[in-house]
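Chemist: Generate a structure from the sequence data that follows.
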Amino acid sequence: MARRSERIFLGFPEQPAAPQRPCEHPGCANAGEFRAPRDRAHLNQYRWFCLEHVREYNRAWDYYKGMGPAEIEHELRSDSGWQRPTWPLGRLGGFNPFESEYVRDPLGVLRDTPLHKSRRERTPKRDEPPAELRAALDVLGLVWPVDNDTLRARWKELAKRHHPDANGGDRQAEERLKDINRAYSLLRRRLAPRPAEAAAAAPAG
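Modeler: Next up, the predicted model:
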């Protein structure tokens, strides 16, 4: 796959009815019909050139110019996930067919099978979060165990902080808010009492 610095971008011509603007290359009298990004920090702001000079501009374009090795590595890793937070497959909302609620053995028939034996050996400590909730807890900055009141208070705090209206419509804040909402929804479902538990906790009529 070509690196950003190797891509040649010819720009997009303006609509025929649009007013003509001059090419921004010094001394060029041709119309600036093709756009190119202004710089790395302003990829959605453009300079306008004629065809000859937009090609020249893009041949000299180097997205990574001025970056150190660590910054380049960070950009490449960010690009691989489309600039969005990522976590291992199945850790946030993933379906695990071997969870206790899906694999039940009330009579102990499967007690000595390799699957159930290994599950007993790696039973997490009480203060360790279930594997499928770790990413959601990381997103919200919470530690296990957590109760509904703490979860809701933390969600309200982060939702207010990362709401696009509070960040000038920033897209990164919007994407962060989506991850926060997904993590909150997953934890809220997990903390909700199951029907049998709710019925047992209800006072007798």
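
Chemist: Surely residue 37 is in a strand?
Modeler: Yes. Checked against DSSP: H, G, I helix; E, B strand; the rest coil, residue 37 lies within a strand.

Chemist: neighbours of the residue nearest to it when sequence neighbours are not counted, just the number please.
Modeler: Nearest residue to residue 37, sequence neighbours excluded (Cβ to Cβ, 6 or more residues apart in numbering): residue 43, at 4.7 Å. Every residue, glycine included, has its C-beta placed from N, CA and C. The tally of other residues near residue 43 (other Cβ atoms under 10 Å) stands at 10.

Chemist: which element is residue 43 on?
Modeler: Assigning secondary structure by DSSP states H and E places residue 43 in strand 42-49.

Chemist: packing partners for that strand?
Modeler: Contacts defined by 3 or more Cβ pairs under 8 Å, 6 or more residues apart in numbering; DSSP states H and E place strand 42-49 against strand 34-39, helix 51-59.

Chemist: got the buried residues for it?
Modeler: Under the neighbour-count criterion of 16 or more other Cβ atoms under 10 Å, strand 42-49 has 46-49 buried.

Chemist: if we can go back for a sec, nearest to residue 154, of the helices and strands packed on strand 42-49?
Modeler: strand 34-39 (37.8 Å; Cβ to Cβ).

Chemist: And the closest one, what's buried?
Modeler: Of the residues in strand 34-39, those buried (16+ other Cβ under 10 Å) are 34-37.

Chemist: and these as JSON lines, adding pLDDT and distance to residue 54?
Modeler: Below are those laid out as JSON lines (pLDDT from 0 to 100; distance: Cβ to Cβ, whole Å):
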{"residue": "34", "pLDDT": "92", "distance to residue 54": "4"}
{"residue": "35", "pLDDT": "92", "distance to residue 54": "8"}
{"residue": "36", "pLDDT": "92", "distance to residue 54": "5"}
{"residue": "37", "pLDDT": "91", "distance to residue 54": "11"}
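
Chemist: quick one, domains of this structure?
Modeler: 7-80, 126-192 (automatic domain parsing).

Chemist: Quick check: which of those is buried the most?
Modeler: domain 126-192 (a mean of 15; mean count of other Cβ atoms under 10 Å).

Chemist: Stretch 40-58: end-to-end distance?
Modeler: End-to-end distance for stretch 40-58, by Cα to Cα, to the nearest Å: 13 Å.

Chemist: and if you look at stretch 136-151?
Modeler: Note: stretch 136-151 ends 11 Å apart using Cα to Cα.

Chemist: per-residue confidence averaged over that stretch?
Modeler: The average pLDDT within stretch 136-151 is 89.

Chemist: export the buried residues of strand 34-39 to TSV and tack on distance to residue 22?
Modeler: Below are those laid out as TSV (distance: Cβ to Cβ, whole Å):
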residue	distance to residue 22
34	13
35	13
36	15
37	19
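
Chemist: farthest pair in those residues?
Modeler: 34 and 37, at 11.9 Å, using Cβ to Cβ across these.

Chemist: Looking at the protein, which helix is longest?
Modeler: Scanning the chain for the helix with the most residues, using DSSP state H, yields helix 171-191.

Chemist: Can you tell me what sits against it?
Modeler: With contacts defined as Cβ atoms under 8 Å, 6 or more residues apart in numbering, helix 171-191 is touched by 83-85, 92-93, 130, 133, 135-137, 139-140, 142, 146-148, 151-152, 155, 158-159, 162-164, 166-167.
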